[in-house]
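Student: Quick one: sequence plus predicted model below, questions after.
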Amino acid sequence: MLIARLIAEPDHLSARIDAARAAMESAGISLASAAMLDFCGDTMQIASPDNDAAAFRAAIDAHFDGTDGLVTDHEPVIPHVFISDMDSTMIGQECIDELADFAGLKAKIADITERAMQGELDFVSALRERVGLLAGLSTSAIDQCLAERIRPMPGARVLVETLKRLGCRTVLVTGGFHHFADPVGAMLGFDAVVGNRLEVAEGKLTGGLVGGIVDSAVKKATLLAEVAAAGGDAGLDVVSLATGDGANDIPMLEAASYGVAYHAKPKARLAANGWIDTGDLTSVLKLLGIPERDWAV
């Protein structure tokens, strides 16, 4: 069994279902039902008794562009664990790029960031190179950057607080830095934060890092550890949710029950079974079937 949930204007969805049904049937995919959900007025649920998720997703992508969606092998439920990336996912900025602006290096560092997010560069090497370029920058620039540049994504706090209210553990895990992630995590209500640590000496960045590096493997490992702690090790069926936007997020998006690519790079979007292309982070709540009356606003 396969379930797709799609968010868009009802007329947009209804106008495309017949063409999508014909394309699916020609590809050997049966449709059991397609209807708007009563508790989420702009969300359609399409069900198929088949199990070819790749073909099902391809048909969805081909006929329902301009939507937000999730494809699973069951009706979505409230997750027990939520793991999220920070930069360009929970906040609208890339912290290292904004910090680089204070050192007059934003264009150079932003280019490295973009290539790393696209999966064109090794993340760890790219991180060390960018941090090295910030050597000598005063830590006061971090405080100024936080105050002046860093803003949450629309719907971020509502998503986190709603999931927490419903019993979900929330963890912010980032290839960015605790100097930013700790206050962002506190602002949005995350239960825990995992990130990298900038090395500081005499009030200035040294251009180095302290401790291990949070890369794609650590992000996935964090998700798996949280699932285990929530009962996965005891054989319980622990449902997990992950959100991210770049290549560094792919392993955790693939490992999650619901991996949602948020306004993501193409490789990350392709790897995920959920995607937010048009809406804000509250679209995740709609895809999970949580009605607005239950949101933390």
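Tutor: Good, I have the coordinates. Residues are numbered from 1 along each chain as shown.

Student: all helices for the protein, in order.
Tutor: 10-26, 53-63, 95-102, 106-117, 123-133, 140-148, 156-165, 178-188, 216-229, 250-255, 266-271, 282-288 (DSSP state H).

Student: can you pull the contacts of the residue nearest to Arg130 when sequence neighbours are not counted?
Tutor: Computed as Cβ to Cβ, 6 or more residues apart in numbering, the closest residue to Arg130 that is not its neighbour in sequence is Ile109, at 5.0 Å. Just so you know, the C-beta spots here come from the backbone N, C-alpha and C atoms, and that holds for glycine as well. By Cβ atoms under 8 Å, 6 or more residues apart in numbering, the contact list for Ile109 reads 96-97, 100, 130, 133-134.

Student: 10 Å instead?
Tutor: 94, 96-101, 103, 126, 129-131, 133-134 (Cβ atoms under 10 Å, 6 or more residues apart in numbering).

Student: now do Leu137
Tutor: With Cβ under 10 Å, 6+ apart, Leu137 has these contacts: 99-100, 102-105, 198, 204-207.

Student: Out of the helices of the chain, indicate the one that is most buried.
Tutor: helix 282-288 (a mean of 25; mean count of other Cβ atoms under 10 Å).

Student: name the helices or strands packed onto that one?
Tutor: Helix 282-288 is packed against strand 2-7, strand 40-48, strand 68-72, helix 156-165, strand 240-244, strand 258-262, strand 274-276, with contacts defined by 3 or more Cβ pairs under 10 Å, 6 or more residues apart in numbering; DSSP states H and E.

Student: Report the mean confidence score over that helix.
Tutor: Here helix 282-288 scores 97 as its mean pLDDT.

Student: out of everything not next to it in sequence, what's closest to Gly232?
Tutor: Val238 (4.4 Å).

Student: what's the distance between the one you found and Thr113?
Tutor: From Val238 across to Thr113, the span is 33 Å (Cβ to Cβ, to the nearest Å).

Student: Thr89 too?
Tutor: Separation of Thr89 from Thr113 (Cβ to Cβ): 14 Å.

Student: So for those two, which residues contact both of them?
Tutor: Here Thr89 and Thr113 have Gly246 as joint contacts, going by Cβ under 10 Å, 6+ apart.

Student: most remote residue from this structure's center?
Tutor: Relative to the centre of the chain, and counting by Cα atoms, centre = their mean, the farthest-placed residue is Glu202 at 35.7 Å.

Student: who's in contact with that one?
Tutor: 138-139.

Student: Now do it against Leu99, distance only.
Tutor: Counting by Cβ to Cβ - Glu202 and Leu99 are separated by 18 Å.

Student: try Ser216
Tutor: 22 Å.

Student: Tell me how many other residues crowd Ala34.
Tutor: Counted with other Cβ atoms under 10 Å, the neighbours of Ala34 add up to 18.

Student: I appreciate the help and will end here.
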